[in-house]
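Peer 1: Next come a sequence and a model predicted from it.
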Amino acid sequence: MAKRKQQNVELERQLKQRKMIFRMISILVAAVIVFAIGFGIWTVQDSRWVFRYDGGRVSANDFRAVFDIHWQSNPQARDIALQNLQQIVTLHDRAEYHGVDFTPEEREQAIQDANWEIRMERTFQWGFDPFTYISDERLAELFFIGPLIERLMDIYIPAANVTYDEEEFAQLLEVYLEEELHRHLDLQVMPLILETREEIEEAYSLIGTMGFDEIIHQFIPGIDEDDELTMSAVDLAAWMEHQPEDMEYILDMQPGDYTRIIVLTDEWDEEFSLYMLLHAVSRVEPDAAAAEANFREEHIEEIRGDIFSTMLLEWVDEANFRLNRRGYNAVA
């Protein structure tokens, strides 16, 4: 009887021990599960930030947008894209500090511009919107920061305080006037651009028999009577960057002149051509003094830009950015 009682006590002791072990294992498993869930949540949350600085955090989606738009997701440009984002963030912080951030009107315009960019990108992507991960408002803040840069440059580098070597400027001016004086020529021309050689030759044969504006309306019926038919030859030059001889010929035109038939070639598609006739309507010779003043202003702005770029890099260093490798790696 005593032996059976002893066996029952031992059995009860073993049963309690097993219950204790099972309980401990259950607690341990639950702790592991809770830890795993918490770690998973933390990992997801942490991967949303690409870097921290001065107590703030910057979204990995901002990095993704800069990487996508500025660098077309080129893997070799990841670090450069990160530096771009740091500069943008720093610019906004400086602008906010000085009270020169976006005005309401500028912000609204920037958002409209960002929305237009997205619509264009959606068109190129056959209706797919590649920027669903970021808002128009944030895109505006990332990419339309011109007004902030202008006001910060006015604060830190006033144009009146910029100095430069006059002798060096004189040498640059001489080259500029020789190569770019045509930019200040006000030559207004009336262009007719057609798709076939036959059409342009027919139009050419009509010169002298009717006004050139009438010829344009005859070959391009969709033009309204009150549409502006003239344009600046300097604006036309943007179409003909790889046809300098033709452009030089156009710039020599005098009021009343008609050009020969000019073949507009596609730099990337040798088989594609358009055909153009021009009529010179008016001509105002360039003012060398005005050209010099314009070039001096451009020279000063270039110097200011170089100084500001160096200053911006110093601000980035001072901001003490700390990279979050998990968020950085999450951006493909």
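Peer 2: That came through, no problem.
Peer 1: Please make it C-alpha for all contacts and neighbour counts, starting now.
Peer 2: OK.
Peer 1: Please compute how far the helix or strand in which residue 250 is found lies from its chain's middle.
Peer 2: Element membership of residue 250, judged by DSSP states H and E, is helix 244-251. Helix 244-251 sits 32 Å away from the centroid of its parent chain (C-alpha atoms, centre = their mean, to the nearest Å).
Peer 1: per-residue confidence averaged over it?
Peer 2: The average pLDDT within helix 244-251 is 89.
Peer 1: cool, and stretch 279-299?
Peer 2: Averaged over stretch 279-299, pLDDT sits at 94.
Peer 1: could we number from 55 for the rest of this?
Peer 2: In the new count, where the first residue is 55, that last one comes out as stretch 333-353.
Peer 1: can you list contacts of it?
Peer 2: 227, 230-231, 235-236, 238-245, 266, 284, 307-313 (C-alpha atoms under 8 Å, 6 or more residues apart in numbering).
Peer 1: hmm, 7 Å instead?
Peer 2: 235, 238-245, 307-313 (C-alpha atoms under 7 Å, 6 or more residues apart in numbering).
Peer 1: for stretch 296-306, same thing?
Peer 2: 291, 294.
Peer 1: mind redoing it with 10 Å?
Peer 2: 236, 239-241, 243, 287-288, 290-295, 311-314, 316-321, 332-334, 337 (C-alpha atoms under 10 Å, 6 or more residues apart in numbering).
Peer 1: Among the residues you listed, which lie within strands?
Peer 2: Taking DSSP state E, the ones among the contacts of stretch 296-306 that sit in strands are 240-241, 243, 316-319, 332-334, 337.
Peer 1: ok, of those residues, which one's closest to residue 278?
Peer 2: Residue 278 lies nearest to residue 243 out of the ones in strands among the contacts of stretch 296-306, by C-alpha to C-alpha, at 18.2 Å.
Peer 1: So residue 373 sits against residue 111, correct?
Peer 2: No - Residue 373 is not in contact with residue 111 according to C-alpha atoms under 10 Å; the separation is 11.9 Å.
Peer 1: now residue 191: how far from residue 242?
Peer 2: Distance, residue 191 to residue 242, by C-alpha to C-alpha, to the nearest Å: 41 Å.
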